[in-house]
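Novice: Model the following, please.
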Amino acid sequence: MATPKAIRHDRSAEGFSLTGTWNAEHAQDLEKLIDGVFAERDSLPPGRVTLECSEVSGLDTLGAYIIHKLRNGLAAPNREVVLAGLDSSRQMLIDEASYTPKAPPARPDTGGAYHMLADIGEAVVNAGRDLASGVAFFGAVVVALGRLLTGRTRLRLPSLVTQLERVALRGVPIIVLISFLVGAIIAQQSIFQLRTFGTVHFVADLLGILVLRELAVLLTSIMIAGRSGSSFTAELGSMKMREEVDALETMGLDPIEVLVMPRILALIIGLPLLTFISAMAGIAGGAVVAFFYGGVSTEVFFSRLQGAIGLNTFLVGMIKAPFMALVIGIIACIEGFAVRGSAESLGTHTTASVVKAIFVVIVVDGLFAMFFAAINY
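Specialist: A predicted model of the protein is given here:
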């Protein structure tokens, strides 16, 4: 292999001829050669200096960078250095080796208040975008449901049953356990306060109204958002990363009909059922605590409960449940389809799915509470 023998100075052409092989193997020799040239650069006349590269027999990325370094080192305000004798491939290699990204301009220091306001503004803009995308996605779901009701598409019953089993049936144990414990805790705290007034038996009224109207549906929705909502986002996000969603569209299938509708329908069916089970478990937990801690007999507890609640008390919670399910399903599916090709993106959107779903569920519950209070229901 030829080595870089010399960098010859051609006085007639006012330039230098580069010879030999310029690669990483000869890096030390090349550095010594250009250091020798730099020692003589003050004696170079102004004007145009040519680096003739036609006799270079071999060139790699390091050699191209050293040639670029030589060109920059010889350049001066009154001196222009040009390369000659390069074919297109070598010229491209030197151009790539000489590329230096420009640093972005320094941002002026505007203080912490400015950055805080900028973050708030960005959060508001992102919230608006999320709302717009949610409305658009809800419209797509309504269109898919319309095609299903008019017979233009078929209901994928096996997928619906599978999702219903995962959402509802497998969620029963944890819903029962949590609701039972929360009902017991509320009953214990209520009895502790009601003893001051000698009205311990009113724990049945308090617990029944609270659990049936608010607590059962809210607790169940939060549990489903964390359990099933995150699962939906992770599943759809993984399919998005593996381009399975794109494959469905290539085959002429609508991902909304194939992937989204079975999940949302399973939530709409399963969440009211789980809400009913949660309400019964919460009341049972309160009855147990009332019996052992408050001394309220089972007959008195359920007699008070029957007199305190009406059909409207039960229906308030059941009416909320399908709307909670729709909100959870839409947010989970939107975040799943928003995943891009990285594990970090999948984790980020799964977390966002749970947080957004819980937040919107609480907001929807508050809106329903104000609505039912306004109509005195």
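Novice: Next one: the nearest residue in space to G85 that is not next to it in sequence from I67, what distance?
Specialist: Excluding the flanking residues, the one nearest G85 by CB to CB, 6 or more residues apart in numbering is S54, at 3.0 Å. For the C-beta atoms, the positions are set from N, CA and C on the backbone; glycine is no exception. As judged by CB to CB, to the nearest Å, S54 and I67 stand 13 Å apart.
Novice: now swap in Y377 and tell me
Specialist: Distance from Y377 to I67, counting by CB to CB: 83 Å.
Novice: what's the answer for G20, then?
Specialist: G20 sits 12 Å away from I67, going by CB to CB.
Novice: Tell me which helix or strand comes right after the lowest-mean-pLDDT helix or strand in the chain.
Specialist: The helix or strand of the chain with the poorest confidence is strand 7-10; it has a mean of 51 (mean pLDDT, DSSP states H and E). Downstream of strand 7-10, the first helix or strand assigned by DSSP states H and E is strand 15-22.
Novice: ok, that next one: who's next to it in the sheet?
Specialist: Paired neighbours of strand 15-22 in the sheet (DSSP bridges): strand 7-10 (antiparallel), strand 47-59 (parallel).
Novice: Which SSE is immediately downstream of that strand?
Specialist: Reading on from strand 15-22 to the C-terminus, the next helix or strand found by DSSP H and E is helix 27-39.
Novice: tell me the domain ranges of the chain?
Specialist: 7-97, 137-374 (automatic domain parsing).
Novice: Of these, which stretch is the most buried?
Specialist: Ranked by mean neighbour count, these are led by domain 137-374 with a mean of 18 (mean count of other CB atoms under 10 Å).
Novice: Please state the offset of that one from the chain centre?
Specialist: Computed by CA atoms, centre = their mean, to the nearest Å, the separation of domain 137-374 from the middle of its chain amounts to 22 Å.
Novice: ends of it, how far apart?
Specialist: 30 Å (CA to CA, to the nearest Å).
Novice: same thing with stretch 207-214?
Specialist: End-to-end distance of stretch 207-214 (CA to CA): 10 Å.
Novice: Can you list the low-confidence ranges for the protein?
Specialist: Along the chain, the parts satisfying pLDDT under 70 run over 1-14, 99-103, 106-112.
Novice: What separation is there between D365 and R304?
Specialist: 26 Å.
Novice: and if you look at F323?
Specialist: Taken as CB to CB, the span from F323 to R304 is 30 Å.
Novice: nearest residue to Q163 other than its sequence neighbours?
Specialist: Excluding its sequence neighbours, the residue lying closest to Q163 (CB to CB, 6+ apart) is A266, at 3.6 Å.
Novice: Which helix or strand contains the one you found?
Specialist: helix 261-292.
Novice: so what does that helix touch, helix or strand wise?
Specialist: helix 112-149, helix 157-164, helix 172-194, helix 203-210, helix 216-224, helix 298-308, helix 311-337 (3 or more CB pairs under 8 Å, 6 or more residues apart in numbering; DSSP states H and E).
Novice: Make CSV from those and add distance to G282 to it.
Specialist: Below are the helices and strands packed on helix 261-292 laid out as CSV (distance: least, CB to CB, whole Å):
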stretch, distance to G282
helix 112-149, 31
helix 157-164, 23
helix 172-194, 3
helix 203-210, 7
helix 216-224, 6
helix 298-308, 12
helix 311-337, 11
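Novice: what about these, which gets the closest to V355?
Specialist: Closest to V355 of these is helix 311-337 (CB to CB; 9.6 Å).
Novice: Whatever helix or strand comes next after the closest one to helix 216-224, inter-axis angle?
Specialist: As assigned by DSSP H and E, the chain's next helix or strand after helix 311-337 is helix 343-374. Counting by axes from the mean of the first three to the mean of the last three CA atoms, to 10 degrees, helix 343-374 points 180 degrees away from the direction of helix 216-224.
Novice: gap between L74 and S190?
Specialist: Distance from L74 to S190, by CB to CB: 88 Å.
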